[in-house]
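Colleague: Give me the fold of what follows.
(one chain, ligands or ions: 2)
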Amino acid sequence: MAQRVSASDGGNKKTSRVRVAVRLRPYMLKQDEKDEGPCVRGLNSQNLEIINWRNATETVKYHFDVFHDMQTTQQEVFLSSVKPILPHILQGQNASVFAYGPTGAGKTHTMLGSPDQPGVIPRAVREVFNLVKAKNEDEGWKYSIGMSYLEIYNEKVLDLLSPNSQDLPIREDKDKNILIPGLTHTTISSFSDFDKHFVPATLNRTTASTKLNQRSSRSHAILLIKVVRTQSAAPRRQQTGKLYLVDLAGSEDNRRTGNQGIRLKESGAINLSLFTLSKVVDSLNSGTAIRVPYRDSKLTRLLQDSLGGSAHSVMITNIAPEFKYYFDTFSALNFAAKSKLIVNKPFTRETVAVPVLPVKRAREEHEAGGSGT
Ligand code: ADP
Ligand code: MG
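Modeller: Ligands and ions are numbered 1, 2, ... in the order given. You can find the predicted model right below:
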């Protein structure tokens, strides 16, 4: 029986919760030097299980809004997690889609994909153009689409459409819209127009990453698609809808991988943004009256008007099945499950001898005892 009800079931809450999807990427033999096989597996479209690190004969089960198994296609991820929120952007509402998870688990594959298997970003941008095209002029609105592309690296906000840009400030206007004065904003008239700006900026970022200690796994890449609609006749009302598509920094615990010096400093900054994101998602989804700590990091400050509140938000947690990702997978799942509030289902562990143990307590145990391993 459910012990707690998720925030969305409460109905008239002011803040909307973040939908949480988990995507398990295919097992890759080359990632599994010891040939141990996968340590995570899907159970159905909402549940998965992972081997219990304390006792390999047991598993811990998790429940999410959506679980995408290894075979899930890019199209299926897009259709179930992203497409439904896009019409809101044309009506002056905000939305955000994040890919969360350890480096190597499939965040960039999910968001960007490849030419054969395009991800969420190209599909969402195409769909926004299609939605605008399908709008009937009779409804009396004219639409314009624009883009910005930025990176948060070491708590600095950098414009990816304007190489050599300096750290940009994040501001809030009197209507509580978040904006970045000085950030390049380019009007785009078609998908190919989008690609023309986006591809070189992405390539720049990837090239820099190999020189700079895998910078791409340490920074948050944030694409903003803005749809402005203006009434054709007086009073010519104007509405702006924003869509943030975010490839987050790797969630791996950098303390465990032994980074030092500059990289440790980077990890600290990344941990601040990701840690704050987890607190924000947690307070949004717990439905309690605790303060939502948007201002504690650049990432959450930037996303403040597009995450929670009246915004539509989806977090796709990417995980990998091989044992070498085990602890990072475990902590990513705990982050995702926490945001799902699934503690309401007291999942039992597999063996009969062990009494009912809520996942939350298993998590606390893991956190308390896990650091020395
Ligand atoms: P991340 O961005 O989280 O570090 P990547 O997206 O770069 O991870 O994925 C790591 C590797 O796994 C890449 O070679 C990528 O193409 C591959 N990969 C990730 N997810 C999938 C998937 N669902 N299907 C096939 N290959 C995948
Ligand atoms: Mg990546």
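
Colleague: tell me the phi and psi of the most centrally placed residue in the chain?
Modeller: Geometric centre of the chain, nearest residue: Phe98, 1.8 Å, by C-alpha atoms, centre = their mean. Note on Phe98: its backbone torsions stand at phi -120, psi 150 [degrees, to the nearest 10].

Colleague: Test of understanding: give the bridge partners of it.
Modeller: Val246, Met315 (DSSP bridges).

Colleague: right, and it touches Val314 too?
Modeller: Yes - using C-beta atoms under 8 Å, Phe98 is in contact with Val314, at 7.4 Å. The way it works is simple: take the backbone N, C-alpha and C, and place the C-beta from them, glycine included.

Colleague: for the host helix or strand of Lys133, packing partners?
Modeller: Assigned by DSSP states H and E, Lys133 falls within helix 120-134. In terms of contacts (3 or more C-beta pairs under 8 Å, 6 or more residues apart in numbering; DSSP states H and E), helix 120-134 is packed against helix 74-77, helix 86-89, strand 95-100, helix 107-111, strand 141-153, helix 191-211, strand 220-231, strand 238-247.

Colleague: and that helix, does that touch ligand 2?
Modeller: No - using C-beta under 5 Å from the ion, we find that helix 120-134 stays clear of ligand 2, coming within 12.4 Å at best.

Colleague: That helix: how far from the chain's middle?
Modeller: 19 Å (C-alpha atoms, centre = their mean, to the nearest Å).

Colleague: Go through it and flag the buried ones.
Modeller: Val120, Ile121, Pro122, Arg123, Ala124, Val125, Glu127, Val128, Phe129, Leu131, Val132 (16 or more other C-beta atoms under 10 Å).

Colleague: Quick one: those residues as JSON lines, columns for pLDDT too.
Modeller: Listed next are the buried residues of helix 120-134 as JSON lines, based on pLDDT from 0 to 100:
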{"residue": "Val120", "pLDDT": "98"}
{"residue": "Ile121", "pLDDT": "98"}
{"residue": "Pro122", "pLDDT": "98"}
{"residue": "Arg123", "pLDDT": "98"}
{"residue": "Ala124", "pLDDT": "98"}
{"residue": "Val125", "pLDDT": "98"}
{"residue": "Glu127", "pLDDT": "98"}
{"residue": "Val128", "pLDDT": "98"}
{"residue": "Phe129", "pLDDT": "97"}
{"residue": "Leu131", "pLDDT": "97"}
{"residue": "Val132", "pLDDT": "96"}
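
Colleague: Helices along the stretch 201-350 of the chain, start to end?
Modeller: Taking DSSP state H, counting those that start in this stretch to define them, one finds helices in the stretch 201-350 of the chain at 215-218, 261-286, 298-302, 326-340.

Colleague: picking that back up, read off the pLDDT value for the residue nearest to the centre of the chain.
Modeller: Phe98 carries a pLDDT value of 96.

Colleague: Also Thr206?
Modeller: On the pLDDT scale, Thr206 gets 60.

Colleague: Then the one 3 residues further on?
Modeller: Model confidence at Ser209, expressed as pLDDT, equals 52.

Colleague: Check the one 3 residues further on too.
Modeller: Taken from the predicted model, the pLDDT recorded for Leu212 is 45.

Colleague: likewise Tyr143?
Modeller: 96.

Colleague: and the end-to-end length of stretch 226-246?
Modeller: 14 Å (C-alpha to C-alpha, to the nearest Å).

Colleague: contact partners of that stretch?
Modeller: 86, 88-99, 111, 120-121, 124, 128, 132, 137, 140-148, 177, 185, 220-225, 303, 305-306 (C-beta atoms under 8 Å, 6 or more residues apart in numbering).
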